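J.: for reference, the sequence and a predicted model appear below.
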Amino acid sequence: MRATKPFRTFLLAICLLVVAPLTALAADPPPPVMKLGDAVRPLAYTLDISVLPDGTGFEGKVEIDVELQRPLDFFWINGRQLEIKHATLLVDGKLLPVTTVAAGEDFIGVRLPQQVSAGRARLALDYTGQLSSRDTRGLFRQQTDGDWYVFSQFEPTAARRAFPGFDEPRWKTPFTVSLTVRREHVAVANTPMVAEDAVAGGMKRVRFATTAPLPTYLVALGVGPFDVVDGGTAGMNQTPLRYIVPRGRAAETRYARATTPRLLALLENYFGRAYPYPKLDSMVIPITVAFGAMENPGLITYRSGLLLAPPEREDERFQQRYANVAAHELAHQWFGDLVTMVWWNDIWLNESFATWMARKIVQEFNPEWEVSQNRERERQSAFRTDRLASTRQVRQDVETRDDLGNAFDRITYDKGGAVLSMYESWLGEAAFRDGVRRYLNQHEWGNATAEDFFAALAVADPQVAEGFASFVGQPGLPLVDFQLDCSARRPAVTLRQQRFLPAQPLQSAPFSRSSSQSLRASSQLWPIPVCLRYAGQAGNQPLCTVLREREQRLDLPAGTACPAWLLPNPGGVGYYLSRLGARELRGLATAPLQPADAVFLLGDQRQLASSAALPLARLLALAGPLAADPRPEVASAAAQAVHGIHPALLDPHQRRVLAGWVREHFGARATQLGWLPRTGDSDAIRKLRGVVVPLVAQVGGERALRAQARSLALEWLGGDRARMGAAYKDILRTAAQDGDAALFDAFVAALGQARDSATRIDIDVALGHFRAPELLQRAFELALADGQDLREAREIYDAAGEDPENAPALLRFVALRHDQIARGLSEDAVARMPRWHSLLCSPQDRSALQALYGSRLAWVDGGERNLAQTLEAVDICIANRKLQAGADLSAR
């Protein structure tokens, strides 16, 4: 994890004491800011680490074959919180003593006793390092069920915590790894074990096959009393599969074992080539922070709740989540591992592609699962960030650790994935797939850039490179207005584009909109692939064009009558926000829409309504007729659009009107569906239940459903869980909203009895939804109590922040206890604390929010942008509250 800047000063002082031997730094060049430079190039690593999971540190020896690019007597390598015990350089057959110096917390200087010539050399370092029991970066240890384990997580720049070296993605080299561990422990790494030798002290040295070329961030290992589950073989090369899990949990791998082989085969089929590594292990980490899974070649890691499930938790929600996450990580084995970006500005190539690829593979894996709804959630997630003035571009320069701290966000994952979907649709599936294969074939085992990827796609259409570069190379969300014009003999649609910026920030803040930024935003243009459908259209193909100018006219085919309705962006494949006039929107309320069209149309209107750009009455006027649609996907989309209305936007009368509207349009269906799943339910029905029933219970205030939720929650807390399927999460949250002290105590008792992290997190989330002020305060205090792991218990704060009714109380609590909370969190989690408060909606709370974090986050990598984006979200809500004030929700 990345340290705060005051902590960095302390670390530097410590490093100057422990890196040996010491010399004065006066004659040394200044340390780099991020990149090491090109004076020395690594060629191969030999790495041995000796580690005991119940200890607090580890010992290591690393030998790095290097090529000196020019004569030199000093160069820099990466190292963080490492104590160098001994160092030498073998060059021209001579073993030279090396002096190491620390400067900056990420760098170790290597000073030679004399200048050496350009050429091959071998740098050897003996060192010690630290095992964190709080962070989940570098090498860290965790205890579960009384057993200690050691895990690794090196992305993006934490390999330097485990071994000194050249910790940048552009340097891909072979690694020969050995681990010295207790004889009774299991040790795993990226490649198969080739030998195991007993050594003194009850230890053994486990040696692994040399890897294919890897960047440092993809090296991985695990040590502890694992159960190792044989998963058979899969894929073109009959690759062996194993599941490395904490002791006693082997049976919980059932779904992963049943699913992974087919996911692997589907990916091999798409890429047209075999899985590129000799084994595929999946290793479970009990708790992760700031990541859920990691694509290490041959040793993918997963947070426990993503891969492990006892029978009662193996519901359809778990199954879809595992399939999606596994497909994402497996896609990386080709796109990110086999071919790796040169630098972190192209991390989007890895993450956007894996996000897009996972959707595609999961749809093929189980066509019944409504992946279009998942795609729309990801698209709208990107929209919520990309509408902000403080958003970043997909392909963002990474020149500081702050830049890198912001690189793994919804823009990188969800916007990038949506842009890939848009250009796959534009090129056609086959041409796009051929471009992907061309890119992999041209750059296998090496590095590549975005330009390389664009060039591979541009073989099919040279315009793709320009369009792609435009969408990933500038920030912001395009807004396209569609206006039907039937005044002439030939109907036409006027298209207008602009960057969507919904609300001016109330005060200046880092990354917020200045006058110059506003000017740049007003001049932004994209070459947008725009498509539409209309009433009376001949054939099934939409009418498409590329919108390059601020305004363009698109004529409908000759002989077309003025259409009764106009549908923008059919299927939601374009990355832009569609806006229609009131007349065009009314026409769509009764149009014969395909389910996917309804899902994306409602998503866009919901985004506009939540951004102070559309009256809520218009959203309800569109959602009302669609709520009665017999197709579950359409009704689900209508319900989701309404459930997203922030209650702070409404006065008490408007809340009562909305509650009545919800009961009128969804009440009967919610009663018919009920809370519990039924045999034979389709995936669409299960998802409809998961949206409509909580909507009617929570927003509609349906008393019978709320009473049932309490009764069912008590059953679940008592251990009767199998019959609830995936519905239990909504049941627990709904019950908590009305919960009294007796129910709260039942939740706390169940929390103390829960053995697995996933169950504890489910209970923590429910505790964050208690509305009674004294119980919510108890929940907040519980997270900080002795015996609670704040890495899990912070879910109480996450949940309260996501509940608009509880968000103000959370802000007040954090203001009082910020420092205590921050001490229990990892550094990445501290940077994300402002995100807890994005649903605040009053000027008073906004001022308190800025006062709380304004001076604290200047020292936290990535923290300032998180605060700026949260403040903007609050600004938008405040502006929207003014827009909706006193509005008649029934007006159209």
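T.: Yes, it's here.

J.: where does the protein dip in pLDDT?
T.: Residues of the chain meeting the criterion pLDDT under 70: 1-26, 503-519, 891-892.

J.: can you list the domains in it?
T.: Per the record, the chain has its domains at 1-225, 229-334, 340-476, by automatic domain parsing.

J.: and the shortest one, end to end?
T.: Across domain 229-334, the terminal residues are separated by 25 Å (C-alpha to C-alpha, to the nearest Å).

J.: got the contact list for stretch 321-334?
T.: Residues from elsewhere that reach stretch 321-334, judged by C-beta atoms under 8 Å, 6 or more residues apart in numbering: 255-256, 259-260, 263-264, 266-267, 271, 273, 275-277, 282, 292-295, 297, 300, 302, 306-307, 350, 353-355, 357-359, 361-362, 365-366, 369, 374, 440. Every C-beta, even on glycine, is put in place using the N, C-alpha and C of the backbone.

J.: report the buried members of those residues.
T.: Applying 16 or more other C-beta atoms under 10 Å to the contacts of stretch 321-334, the neighbour count classes 255-256, 259-260, 263-264, 266-267, 271, 273, 275-277, 282, 292-295, 297, 300, 302, 306-307, 350, 353-355, 357-359, 361-362, 365, 369, 374, 440 as buried.

J.: of all the domains of the chain, which one is nearest residue 559?
T.: Using C-beta to C-beta as the measure, domain 340-476 is the one of the domains of the chain that comes nearest residue 559, at 27.3 Å.

J.: can you give me the offset of that closest one from its chain's centre?
T.: Shown here is domain 340-476, whose average C-alpha point lies 14 Å from the average C-alpha point of the whole chain (C-alpha atoms, centre = their mean, to the nearest Å).

J.: distance between the ends of it?
T.: Distance between the boundary residues of domain 340-476 (C-alpha to C-alpha) amounts to 26 Å.

J.: quickly find the element holding the closest residue in space to residue 690 that isn't next to it in sequence.
T.: For residue 690, the nearest residue in space outside its immediate sequence neighbours is residue 730; the separation is 6.2 Å by C-beta to C-beta, 6 or more residues apart in numbering. For residue 730, the element it lies in under DSSP states H and E is helix 728-737.

J.: just the buried residues of that helix, please?
T.: Buried residues in helix 728-737, counted by 16+ other C-beta under 10 Å: 728, 729, 730, 731, 732, 733, 734, 735, 736, 737.

J.: just stretch 300-316 next, same as before
T.: Buried residues in stretch 300-316, defined by neighbour count with 16+ other C-beta under 10 Å: 300-310, 312-316.

J.: also stretch 525-543?
T.: Neighbour-count burial for stretch 525-543 flags 526-535, 537, 542-543 (criterion: 16+ other C-beta under 10 Å).

J.: now the nearest residue in space to residue 209 that is not next to it in sequence, what's its secondary structure?
T.: In space, residue 209 comes closest to residue 191 once its chain neighbours are excluded; the distance is 4.1 Å by C-beta to C-beta, 6+ apart. Under DSSP: H, G, I helix; E, B strand; the rest coil, residue 191 falls in the coil class.

J.: residue contacts, residue 191?
T.: 177, 208, 209, 210, 211, 277, 278, 279, 298.

J.: highest neighbour count among the residues you listed?
T.: Across those, the neighbour count under other C-beta atoms under 10 Å reaches its highest value at residue 298, namely 26 neighbours.

J.: doesn't residue 835 belong to a helix?
T.: Yes - with three-state DSSP as the criterion, residue 835 is assigned to a helix.

J.: ok, it - how many residues close by?
T.: Using other C-beta under 10 Å, residue 835 has 15 other residues around it.

J.: from residue 807, how far out is it?
T.: Here the criterion is C-beta to C-beta, to the nearest Å. By it, residue 835 lies 11 Å from residue 807.

J.: need the overlap of contacts for those two.
T.: By C-beta under 8 Å, 6+ apart, the residues touching both residue 835 and residue 807 are residue 801.

J.: chain center to the strand or helix carrying residue 604: distance?
T.: Take DSSP H and E as the rule and residue 604 turns out to sit in helix 595-610. The chain centroid and the centroid of helix 595-610 are separated by 22 Å, computed with C-alpha atoms, centre = their mean.
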